[in-house]
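# just coords:
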Ligand SMILES: C[S@@+](CC[C@H](N)C(=O)[O-])C[C@H]1O[C@@H](n2cnc3c(N)ncnc32)[C@H](O)[C@@H]1O
């Protein structure tokens with residue numbers, strides 16, 4: 001990767017952009033204040049520094065004016081092949097769309113990208129907000145666009161992947177066939193073109209990349225934007241750079257960058273990040289969401305018929321029974337093949353304790369060869385034998401009864417035979 005210069009400038013982006021020459025920037029990404037009418041503040045991960053920025057306005061017109069003049073500057077300094085990506089949310093997306101239509105022209109609207117992420121929250125009423133919007137406009141029709149392909153979904157069949165598509169006499173899309181009606185294979189395709197809905201996880205609190213800056217965006221999100229609209233060596237601008245996420249993404253991809261921020265702490269932080277760029281990979285993106293659905297199917301099949309909530313990604317609990325004891329749900333775990341009952345119990349106990357469960361159920365599937373008595377189990381664990389173990393045990397008892405019966409019969413017959421022999 002060639003070294004591409006990155007610059008972080010302290011100041012109001014309006015004034016700083018005014019000194020940037022016309023048609024020099026390849027991509028502008030901005031994540032400005034969203035019109036939340038709030039103060040945003042937080043502390044660095046090591047709690048040594050405070051970060052804050054203000055998002056307070058005298059109404060929508062005040063905000064519109066602030067954004068309008070800055071978007072006009074961006075339009076001036078973008079190259080004809082350049083593009084702008086404006087990050088926003090429902091507070092002002094409608095307004096920014098109107099400003100961008102006005103400055104760039106409605107025909108230069110390319111996409112409304114939905115950045116979607118999962119959140120767990122007990123929101124009181126209404127739908128849980130789980131997306132933000134990124135408006136993508138180009139300066140002209142000659143804008144740079146590098147195609148990106150994603151994986152086929154699990155429901156795409158092999159024919160859809162391999163067969164060439166064509167149109168029938170009515171213009172309807174069909175699989176292409178030769179004059180004899182044989183299917184024509186088009187060879188391996190590259191995947192599905194990237195859609196305008198991007199599922200990229202929010203930075204989790206432990207992610208190495210996380211700086212503590214309020215509203216910090218993930219590098220993975222910015223990398224995707226930089227990748228689709230620029231080439232190596234191009235210049236990327238972020239006029240509201242905050243912690244410098246865009247600059248880190250640009251650096252990792254070999255692009256030059258300019259970041260501007262009105263907060264001195266943000267500029268200092270962005271410079272530190274550029275000196276040692278960190279990106280947190282997302283296992284979900286690499287392996288797909290399906291890879292997370294890893295509740296043990298064999299274990300769950302043993303619990304079929306119970307009203308339960310399967311648990312993903314937990315070594316100690318397979319599911320929660322939908323019943324509350326002392327105010328908490330009851331975790332249940334099935335002993336695995338090759339696992340001793342005490343190994344299974346200690347995994348369940350650890351996980352159940354962390355969930356503050358009053359009771360937990362352990363299903364024993366086999367007898368292991370270790371010394372075990374039920375008194376060794378933590379008192380809050382109920383040990384229950386699986387149906388297979390019950391049936392196996394009963395069958396063994398029945399067989400043992402048969403053997404005893406047979407032995408008893410044999411000895412009875414022997415006695416009768418002896419008695420008969422003794423008769424005169
Ligand atoms: C939403 S944050 C950006 C977060 C950033 N994308 C990140 O990943 O860390 C918005 C930033 O805009 C900055 N800002 C607000 N008004 C500004 C202005 N007039 N010029 C430059 N920066 C400004 C704030 O200080 C804040 O850091």
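Received it, and whenever you're ready, just let me know what you need. Keep in mind that this is a model prediction, so the values were computed, not measured.

# For the rest of this, base every contact and every neighbour count on C-alpha atoms.
Fine.

# and the stretch 201-350 of the chain, which residues reach the ligand?
Taking Cα under 6 Å from any ligand atom as the contact definition, the stretch 201-350 of the chain meets the ligand at 213, 215-217, 239-245, 260-263, 266.

# Please flag which of these sit within helices.
245, 266 (DSSP state H).

# Buried by neighbour count, from the residues of the stretch 201-350 of the chain next to the ligand: which ones?
213, 216-217, 239-245, 260-263, 266 (16 or more other Cα atoms under 10 Å).

# all helices of the stretch 101-250 of the chain, in order?
With DSSP state H, counting those that start in this stretch as the criterion, the stretch 101-250 of the chain has helices at 158-162, 219-229, 245-252.

# Can you pick out the most distant pair from the residues of the stretch 201-350 of the chain next to the ligand?
Taking Cα to Cα as the measure, these span a maximum distance of 17.8 Å, between 217 and 262.

# Mind naming the longest helix for the protein?
Determined from DSSP H, the single longest helix within the chain is helix 387-422.

# Quick one: mean pLDDT for it?
Average pLDDT, helix 387-422: 87.

# buried set for that helix?
residue 389.

# mind checking how far that helix is from the chain centre?
Here helix 387-422 is found 62 Å from its chain centre; the criterion is Cα atoms, centre = their mean, to the nearest Å.

# Could you do stretch 228-244 as well?
In this view, stretch 228-244 has its centroid 24 Å away from the chain centroid, taken as Cα atoms, centre = their mean.

# What's the end-to-end length of it?
Criterion Cα to Cα, to the nearest Å; first-to-last residue distance in stretch 228-244 is 19 Å.

# number of nearby residues for the closest residue to the ligand within the stretch 301-424 of the chain?
Closest contact between the stretch 301-424 of the chain and the ligand, by Cα to the nearest ligand atom, is at residue 313 (29.0 Å). Residues within reach of residue 313, counting by other Cα atoms under 10 Å, total 13.

# Kindly report the same for residue 229.
23.

# One more: residue 238?
26.

# neighbours of the closest residue in space to residue 68 that isn't next to it in sequence, just the number please.
Nearest in space to residue 68, with sequence neighbours left out and distances taken as Cα to Cα, 6 or more residues apart in numbering, is residue 99 at 6.2 Å. Residues near residue 99, counting by other Cα under 10 Å, number 20.

# can I assume residue 99 is in contact with residue 66?
No. Counting by Cα atoms under 8 Å, residue 99 sits too far from residue 66 to count as a contact (10.9 Å).

# Bridged to residue 333, which residues?
residue 362 (DSSP bridges).

# surely it meets residue 348?
Yes. Using Cα under 8 Å, residue 333 is in contact with residue 348, at 6.5 Å.

# shared neighbours of these two, anything?
Jointly contacting residue 333 and residue 348 under the rule Cα atoms under 8 Å, 6 or more residues apart in numbering are 316, 317, 362.

# just the buried members of those?
With burial judged by 16+ other Cα under 10 Å, the buried subset of those is 316, 317, 362.

# a markdown table for the residues you listed, including pLDDT?
Output for those, formatted as a markdown table (pLDDT from 0 to 100):
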| residue | pLDDT |
| --- | --- |
| 316 | 90 |
| 317 | 90 |
| 362 | 95 |
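
# circling back: tell me which of the buried ones among the residues of the stretch 201-350 of the chain next to the ligand is nearest to residue 390?
Taking Cα to Cα as the measure, residue 390 lies nearest residue 217 of those, at 54.2 Å.

# which ones are touching that closest one?
202, 203, 245.

# in the protein, what secondary structure element scores lowest on mean pLDDT?
Between all helices and strands in the chain, the lowest mean by mean pLDDT, DSSP states H and E belongs to helix 158-162, at a mean of 59.

# So which other helices or strands are in contact with the longest strand anywhere in the chain?
The residue-count maximum for a strand in the chain (DSSP state E) belongs to strand 78-88. Using 3 or more Cα pairs under 8 Å, 6 or more residues apart in numbering; DSSP states H and E, the elements in contact with strand 78-88 are strand 25-30, strand 131-138.

# What mean pLDDT does that strand get?
Averaging the model's pLDDT scores along strand 78-88 yields 98.

# Of the helices and strands packed on strand 78-88, which is nearest the ligand?
Across those, closest to the ligand is strand 25-30 (Cα to the nearest ligand atom), at 7.1 Å.

# Buried residues, the next helix-or-strand element following the closest one. List them.
Next along the chain after strand 25-30, taking DSSP states H and E as the criterion, comes strand 38-43. Neighbour counts over strand 38-43 (16+ other Cα under 10 Å) mark residue 40 as buried.

# Out of the helices and strands packed on strand 78-88, which is the most enclosed?
Most buried of those by mean neighbour count (mean count of other Cα atoms under 10 Å) is strand 25-30; its value is a mean of 26.

# That one vs strand 131-138, what angle?
Counting by axes from the mean of the first three to the mean of the last three Cα atoms, to 10 degrees, strand 25-30 points 160 degrees away from the direction of strand 131-138.

# any idea of the angle strand 25-30 forms with strand 78-88?
Going by the same axes, to 10 degrees, strand 25-30 makes 10 degrees with strand 78-88.

# what about the helix or strand encompassing residue 51 and the ligand, touching?
Here residue 51 sits within strand 50-55, counting by DSSP H and E. Yes. Counting by Cα under 6 Å from any ligand atom, contacts between strand 50-55 and the ligand involve residue 53.

# Give me the sheet partners of that strand and which way each runs.
Here, using DSSP bridges, strand 50-55 pairs with strand 38-43 (antiparallel).

# And the contacts of the partner strand?
Counting by Cα under 8 Å, 6+ apart, residues outside strand 38-43 touching it are 49, 50, 51, 52, 53, 54, 55, 56, 212, 213, 214.

# Repeat that for stretch 270-290.
In this structure, residues lying in contact with stretch 270-290 by Cα under 8 Å, 6+ apart are 6, 8, 200-201, 207-209, 219-220, 241-245, 247-248, 251-252, 291-292.

# Could you tell me which ranges of the stretch 251-400 of the chain sit under the pLDDT cut-off?
Applying pLDDT under 70 to the stretch 251-400 of the chain flags the ranges 284, 287-295.

# Now do the strands in it.
Under the criterion DSSP state E, counting those that start in this stretch, the stretch 251-400 of the chain contains strands at 256-261, 308-310, 319-325, 328-334, 360-364, 381-385.

# ok so, going back, so the longest strand of the chain versus helix 219-229, what angle?
Using the same axes, to 10 degrees: strand 78-88 against helix 219-229 is 150 degrees.
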